[in-house]
Structures are given as structure tokens and as C-alpha cells.
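# need coordinates for the below:
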Amino acid sequence: MAEINPHPPELEPLTRTQVLIAMGVTAIVLLLITKLWIQFGNAYVLPLHWSGLAILVGIGLGVGITLASSLIYTIWPAYRSSADYYLQLVLKPLVLPDLIWLGLLPGLSEELLFRGVMLPAIGLNVEGLIFSSLCFGVLHLSSPRQWPYVVWATTIGAVLGMSAIMANNLLVPIVAHVATNLISSSLWKWTNLRHHGVPD
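Residues are numbered from 1 along each chain as shown. Here you go, the predicted structure:
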């Protein structure tokens, strides 16, 4: 009698093309939702001001989020398992230049929707912060077993939301999000290449 695997794979491995298309389509959908919300919801859009200080604060925040993620990864086994599953699914098929798109597409589209439009539309307050952060977390749910990753994404959504409120500048969370994605994905790829010696 064949042995039944108690933890069958929930999703088939994706190809590089599938991951890139999924990133592109998701970014377009989020940008369309943002555009429709602005046009028909009379939404107030959080200002975006270019400044060296905002860029530095965003990079610093991105580095801090990456360090915090590494710590949580080390001490919380459920998060480690969830993050490994997600990173294998999304990052393994990609080559190094693709990581630029992984940084930019979600960083821009997700921040424009969740911190740029949703947060001020609901309110630059605790309620708006909680609601927009929960929506951001749920966006990262790829399966019910991925709840630790959703908890982490929700927490990061709150951190990015707080940075947007405190700075009153959407550039800060955008830069932080892009920096977090670029740094963490590059570190994962570099570690993976070191361990296996060949590109995936």
C-alpha cells in the first residue's frame, strides 16, 4: 500500500516566466484598483515628495525590516517554514536581474494602493492603519498554511503605514518596500547559490 504524504505540495513549482507574469499582472491589477479608487471614490492620495532625507529614511527602514525579518526567521520556526515555502516558490525560478522587478513592481503598486490611497481614504489613524495593514497581509496569503507569513506581512504593513503617516510622504514606504525586497531577495539568492554552487 502506497504511503500517503501528510504534507503534499500545495502548489506546483512555477517557472521564471510564470513568476514574472504573475508579478506584472498583480502590479497592473493593483494600479487599476488604485486608479479606479482615486477616480470614483474621491480618494485623497498621500503626497509623494522627492527628497534625499526621505530616500535615506526609506533605505534605513528597509534595512531595519530585513534585519528584523532575519531575527524572526531564526527564532520562529513556523515563520521560517512559511517564508521558505514562499521564497522557494517566488525566488527560486528567478535570475539575479529579475530581482530589480521584484523590488520595483510590488514596491510601487502595493504602496500606491495600501499606503497611498487606502490608508488616507479610511483615515490616517489607528483604524486606517489596522485595516490597510490587514489587507496588505492578506495579499501575501498563498495558502492557509502560510498564516505566519501573513502575520509578518501585516506587521510590516503597519510599520510602512506608520512611516507614511509620520513622514506624510509616500516616498518613504515606497523606498523602504523596494529596499526590503531587493536586499532580502538578493541575500536569499546569494545564500542559495553559495549552498548549491550553481544557479537555480
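# which one is W76 nearest to, not counting chain neighbours?
Ranked by C-beta to C-beta, 6 or more residues apart in numbering and with sequence neighbours excluded, the top spatial neighbour of W76 is P148, at 6.9 Å. Yep, even glycine has a C-beta here, placed from its N, CA and C like the rest.
# got it, and Q18?
Closest residue to Q18 in three dimensions, ignoring its sequence neighbours and counting by C-beta to C-beta, 6+ apart: P93, at 7.4 Å.
# cool, and I100?
L182 (7.4 Å).
# buried set for whichever strand or helix holds that neighbour?
Here L182, judged by DSSP states H and E, is contained in helix 171-196. Residues 171-186, 188-189, 192 are the ones in helix 171-196 that count as buried (16 or more other C-beta atoms under 10 Å).
# kindly report the same for stretch 84-99.
Here stretch 84-99 shows Y85, Y86, L87, L89, V90, L91, P93, L94, D98, L99 as buried, counting by 16+ other C-beta under 10 Å.
# just the ones in helices from the residues you listed, please.
Judged by DSSP state H, the buried residues of stretch 84-99 include Y85, Y86, L87, L89, V90, L91, D98, L99 as members of helices.
# nearest to S69, of those?
Ranked by distance to S69 (C-beta to C-beta), those are led by L87 at 10.9 Å.
# distance check, the closest residue in space to that closest one that isn't next to it in sequence against G24.
Closest residue in space to L87, ignoring its immediate chain neighbours: W188 at 5.5 Å, by C-beta to C-beta, 6+ apart. W188 is 21 Å from G24, where distance means C-beta to C-beta, to the nearest Å.
# same question for L113.
L113 is 16 Å from G24, by C-beta to C-beta.
# returning to that earlier point: closest to L160 among the buried residues of stretch 84-99?
Of all the buried residues of stretch 84-99, L160 sits closest to Y86, with 18.2 Å by C-beta to C-beta.
# okay then, goodbye and thanks.
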